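S.K.: Could you look at this predicted model? Sequence included:
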Amino acid sequence: MWRCVRVGAFVSERFRELESLGASRRKDVVLLATVTSFDSLRHPRKSDLHQFAELFHPLFETSSDEARRQAAAVLSRSPHVPASVALQIGSAPIAIAAIFLTRAPAIDDATLLEIIKTGSPAHATAIARRENLSVRLVDALVDRRQTAASPVLPSVASVKAALSAPTDETRLAREEKLRDELKTLARQQPHRAEQPLAIPPLDSLHETLLCRFARLGEINLFTGALADALSCRPELAERMVLDVSGQQLATTLVALAMPQDDLRFVLGTFYPDLGERLGGKTRGDALISALTPELARERLLGWLEADREDFHQHQPYLAADRAADPRSTHPVKVAARSVSTDRKTLRR
């Protein structure tokens, strides 16, 4: 009899453990069932969308990461995801929202712009890999990259509050420390000016934009993305792309360490004659193999240095005193007339 009681107590405890485990995963099961049921609707009504959004929000917040990742993967194929649901999934951690941001066809530009503004750089990179990005999204991605690269300055109100709070001794010590830091910066300033220009690295966002614009044949957008990647004026990037031989663009992309497959694709898109075969390889392959990374970086640094020195010093192409272009092997020679000759012509 005592043995039967002990066995019954043990079985009841095991059932309680199973019941507690089922309760911990109950919301995951309900979330996946709700998503699967909604995905099976080919043409959901407005009431279906509203009801799904009301059920989805609390379930998605309280479910496990694995369940949320599976739900995001299922909804990334659905063309009828409500905007609030899309924003909630896109604002989740990148491990959960990556597949949804990259593939979901139902997420609109307004939601993507909100995620770019409030999300992390990884969210922006995932959005940049989408197909058929609009001009607004491209501009927002470029602005997000520039904002992330620029230093964050404290506001005037915070500075005033910080200066008015401490005592006189603390303020004097802080002023003395600030004075020493300014002196140190003043001594280091000439050394910074003597440092040569450095080629900015080509990040995944600019690499994706360059390949996308080359695939779409958008030469203006390609030039703008290239200028932003080089942190130079758009005129320099335009001159690189307009070189009909393709050598200047190839030199620039080799210096930026673009992958070989993407480099061949971009050159073949803008310069079809580089696809002609000479011997066992194409003209584009011969052009790329002739450029070493060291030589390409040296040339690109020279172009960037010349672009910085020539800033605000525009000269017409046919000007008599036009400076020599460092990228040109045959400088243009224009005969200059003297001032006296011009005056004689005017008198006649």
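M.R.: Structure received.

S.K.: CA atoms for contacts and neighbours, from now on please.
M.R.: Fine.

S.K.: Which residues are in contact with Leu210?
M.R.: Applying C-alpha atoms under 8 Å, 6 or more residues apart in numbering, one finds that Leu210 lies in contact with Phe222, Ala225, Leu226.

S.K.: The last one: what's it in contact with?
M.R.: Just to be clear, that refers to Leu226. When contacts are counted by C-alpha under 8 Å, 6+ apart, Leu226 is found next to His206, Leu210, Ala237.

S.K.: ok, now the first one?
M.R.: By C-alpha under 8 Å, 6+ apart, the contact list for Phe222 reads Leu209, Leu210, Phe213, Ala214.

S.K.: picking that back up, and which of the contacts of Leu210 is nearest Leu185?
M.R.: Ranking those by separation from Leu185, with C-alpha to C-alpha as the measure, puts Leu226 on top at 32.7 Å.

S.K.: sorry, back to before: which of the contacts of Leu226 fall within strands?
M.R.: Secondary structure assignment by DSSP state E places none of the contacts of Leu226 in strands.

S.K.: Would you reformat the residues you listed as TSV and include pLDDT and distance to Leu137?
M.R.: As requested, the contacts of Leu226 are exported to TSV (pLDDT from 0 to 100; distance: C-alpha to C-alpha, whole Å):
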residue	pLDDT	distance to Leu137
His206	89	14
Leu210	92	15
Ala237	92	22
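
S.K.: Which one of these is nearest to Ser134?
M.R.: Distance to Ser134 across the contacts of Leu226 (C-alpha to C-alpha) is lowest for Leu210, with 14.5 Å.

S.K.: what's the offset of the strand or helix carrying Leu301 from the middle of its chain?
M.R.: With the criterion set as DSSP states H and E, the secondary-structure element containing Leu301 is helix 293-309. Using C-alpha atoms, centre = their mean, to the nearest Å, the mean C-alpha position of helix 293-309 is found 24 Å from that of the whole chain.

S.K.: For that helix, buried residues please.
M.R.: Taking 16 or more other C-alpha atoms under 10 Å as the neighbour-count basis, helix 293-309 is seen to contain the buried residues Pro293, Ala296, Arg297, Arg299, Leu300, Leu301, Trp303, Leu304, Glu305, Asp307.

S.K.: Taking those residues together, which two end up most distant?
M.R.: With distances taken as C-alpha to C-alpha, the most widely separated pair in the buried residues of helix 293-309 is Pro293 and Asp307, at 20.8 Å.

S.K.: For Leu75, grab the count of nearby residues.
M.R.: Counted with other C-alpha atoms under 10 Å, residues neighbouring Leu75 total 24.

S.K.: Let me know the pLDDT of it.
M.R.: The per-residue pLDDT reported for Leu75 equals 91.

S.K.: distance of it from Ile199?
M.R.: 41 Å (C-alpha to C-alpha, to the nearest Å).

S.K.: same question, Ala237
M.R.: When C-alpha to C-alpha is the yardstick, Ala237 and Ile199 sit 14 Å from each other.

S.K.: Dump stretch 69-88 to PDB, keeping only the CA atoms.
M.R.: Taking C-alpha atoms only, stretch 69-88 is exported to PDB below (Å, rounded to 0.1, in the frame of the first residue of the first chain):
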ATOM      1  CA  ARG A  69      13.000  33.900 -35.800                       C
ATOM      2  CA  GLN A  70      10.800  31.200 -37.300                       C
ATOM      3  CA  ALA A  71       7.800  33.600 -37.400                       C
ATOM      4  CA  ALA A  72       9.900  36.300 -39.200                       C
ATOM      5  CA  ALA A  73      11.100  33.700 -41.700                       C
ATOM      6  CA  VAL A  74       7.500  32.600 -42.500                       C
ATOM      7  CA  LEU A  75       6.200  36.200 -42.800                       C
ATOM      8  CA  SER A  76       9.100  37.200 -45.100                       C
ATOM      9  CA  ARG A  77       7.300  35.200 -47.800                       C
ATOM     10  CA  SER A  78       3.800  36.700 -47.200                       C
ATOM     11  CA  PRO A  79       2.700  39.700 -49.400                       C
ATOM     12  CA  HIS A  80       0.000  40.800 -46.900                       C
ATOM     13  CA  VAL A  81       1.800  41.600 -43.700                       C
ATOM     14  CA  PRO A  82       0.300  44.600 -41.800                       C
ATOM     15  CA  ALA A  83       2.500  47.700 -41.400                       C
ATOM     16  CA  SER A  84       2.600  47.500 -37.600                       C
ATOM     17  CA  VAL A  85       3.600  43.900 -37.700                       C
ATOM     18  CA  ALA A  86       6.400  44.600 -40.200                       C
ATOM     19  CA  LEU A  87       7.700  47.500 -38.100                       C
ATOM     20  CA  GLN A  88       7.700  45.300 -35.000                       C
END
